[in-house]
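In: the following comprises the amino acid sequence and a computationally predicted model.
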Amino acid sequence: MEELYEKYLPIGTVVMLKGGKKRLMITGFCIIPETEKDKMYDYSGCLYPEGIITTNQIAVFNHDQIERVYNNAYVDEEEKLFKQRLKEELKKAGK
């Protein structure tokens, strides 16, 4: 279970999903889509290098869908503190 809390890649990390044709940049964590209120995805992302052009171009995906990590984004103290809070909240939620 501990592995779940350590898997989150930093915001800004560029990845390719399994079967994907275009890279994505991670833009958020623990996403619950408006159309699937009972489901939570590990990440949200946008096309890389284009970025978010329109809001309907935001991708949601899980860690196990990532085939390749092109780069790990910069991690500072704020990122480390956020990850610790995320880890604590996921434990409280039983995720």
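Out: Received it, and whenever you're ready, just let me know what you need.

In: quick one: the strands in the chain?
Out: For the chain, applying DSSP state E gives strands covering 14-17, 24-31, 41-47, 59-61, 66-71.

In: partners of the third one, with directions?
Out: In other words, strand 41-47. Paired strands of strand 41-47, with direction, are strand 24-31 (antiparallel), strand 59-61 (antiparallel) (DSSP bridges).

In: I'd like the ones you listed laid out as a markdown table, including distance to residue 91 and mean neighbour count.
Out: The C-beta positions use only the backbone N, C-alpha and C, and glycine is treated the same way. As requested, these are arranged in a markdown table below (distance: least, C-beta to C-beta, whole Å; neighbours: other C-beta atoms under 10 Å):
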| stretch | distance to residue 91 | mean neighbour count |
| --- | --- | --- |
| strand 24-31 | 13 | 19 |
| strand 59-61 | 22 | 18 |
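
In: closest to residue 79 out of these?
Out: strand 24-31 (11.2 Å; C-beta to C-beta).

In: got the angle for that closest one vs strand 66-71?
Out: With axes from the mean of the first three to the mean of the last three C-alpha atoms, to 10 degrees applied, the angle from strand 24-31 to strand 66-71 works out at 120 degrees.

In: hmm, who's touching strand 24-31?
Out: Here strand 24-31 makes contact (C-beta atoms under 8 Å, 6 or more residues apart in numbering) with 8-17, 40-49, 51-52, 58-61, 73, 86, 90.

In: that one - what's its average pLDDT?
Out: In this model, strand 24-31 has a mean pLDDT of 92.

In: just to revisit the earlier point, same list (the strands of the chain) but as a markdown table, adding distance to residue 80.
Out: Output for those, formatted as a markdown table (distance: least, C-beta to C-beta, whole Å):
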| stretch | distance to residue 80 |
| --- | --- |
| strand 14-17 | 20 |
| strand 24-31 | 14 |
| strand 41-47 | 18 |
| strand 59-61 | 23 |
| strand 66-71 | 18 |
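
In: can you tell me how far the closest residue to residue 79 other than its chain neighbours is from residue 26?
Out: In space, residue 79 comes closest to residue 10 once its chain neighbours are excluded; the distance is 5.7 Å by C-beta to C-beta, 6 or more residues apart in numbering. Residue 10 sits at a distance of 7 Å from residue 26 (criterion: C-beta to C-beta, to the nearest Å).
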